[in-house]
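> For reference, the sequence and a predicted model appear below.
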Amino acid sequence: VIESGPVFDVFTNPKHTTTRRFIQSVQKDLPSDTILQEWQRNKGGKLYRVIFKGSSTVDPLLSTITKKYNVDFNIIYGSVQELQEQLFGNMIISLIGDEGNKQKVLTELSNLVEVREVDINER
């Protein structure tokens, strides 16, 4: 046993590298290599994973916060699933706008949901 805990917690927030790899093998959580390569070639910039759990999956958090700071967002990939009767959303986004305002968006969003920069080489 590498990791233990409630299934929802292990699947939505795996701590161990082996657990993350296993979950990625059974649950698509990144866009295809082709999409990522196209993104890098045409747009570039940082990508962020936003993980929504429970009621935050149906609230317009991203839209509300980005509007507040005059930042646009681009959804590169997204999904919402039900796991043990709880909603779990995974979205890969980019932010477009002033660097300072993008940081404010990330800070405020991080207070409500999990946000991580995506390392596209981590596949």
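Looks like it came in fine. Numbering: from 1, shown residues only.
> My reading is that residue 101 lies in a strand. Confirm?
No - assigned with DSSP: H, G, I helix; E, B strand; the rest coil, residue 101 falls outside any strand and is helix.
> Spell out, range by range, the strands that occur in this protein.
Ranges of strands within the chain are 48-53, 72-83, 86-96, 114-117, based on DSSP state E.
> Next, format those strands as a markdown table and append mean neighbour count and mean pLDDT.
C-beta here means a position set from N, CA and C on the backbone, and glycine is covered the same way. Shown next, in a markdown table, are the strands of the chain (neighbours: other C-beta atoms under 10 Å; pLDDT from 0 to 100):
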| stretch | mean neighbour count | mean pLDDT |
| --- | --- | --- |
| strand 48-53 | 20 | 90 |
| strand 72-83 | 14 | 88 |
| strand 86-96 | 19 | 90 |
| strand 114-117 | 13 | 92 |
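> Switch those over to TSV; also include distance to residue 3.
Formatted as TSV, the strands of the chain follow (distance: least, C-beta to C-beta, whole Å):
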stretch	distance to residue 3
strand 48-53	17
strand 72-83	16
strand 86-96	17
strand 114-117	17
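> Nearest to residue 61, out of those strands?
strand 48-53 (7.6 Å; C-beta to C-beta).
> Paired strands for that closest one, with orientation please.
Strand 48-53 has the following strand partners under DSSP bridges: strand 86-96 (antiparallel), strand 114-117 (antiparallel).
> Low-confidence stretches in the protein?
1, 7-8, 10-13, 20, 22-29, 121-123 (pLDDT under 70).
> what residue lies at the spatial centre of this protein?
residue 49 (2.2 Å; C-alpha atoms, centre = their mean).
> Provide a list of residues in contact with that one.
By C-beta atoms under 8 Å, 6 or more residues apart in numbering, residue 49 lies in contact with 29, 90, 91, 92, 114, 115, 116, 117, 118.
> tell me the contacts of the fifth one?
Residues in contact with residue 114 (C-beta under 8 Å, 6+ apart) are 13, 49, 50, 51, 53.
> Now those in CSV, please, with extra columns for distance to residue 68.
Below are the contacts of residue 114 laid out as CSV (distance: C-beta to C-beta, whole Å):
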residue, distance to residue 68
13, 27
49, 21
50, 16
51, 21
53, 22
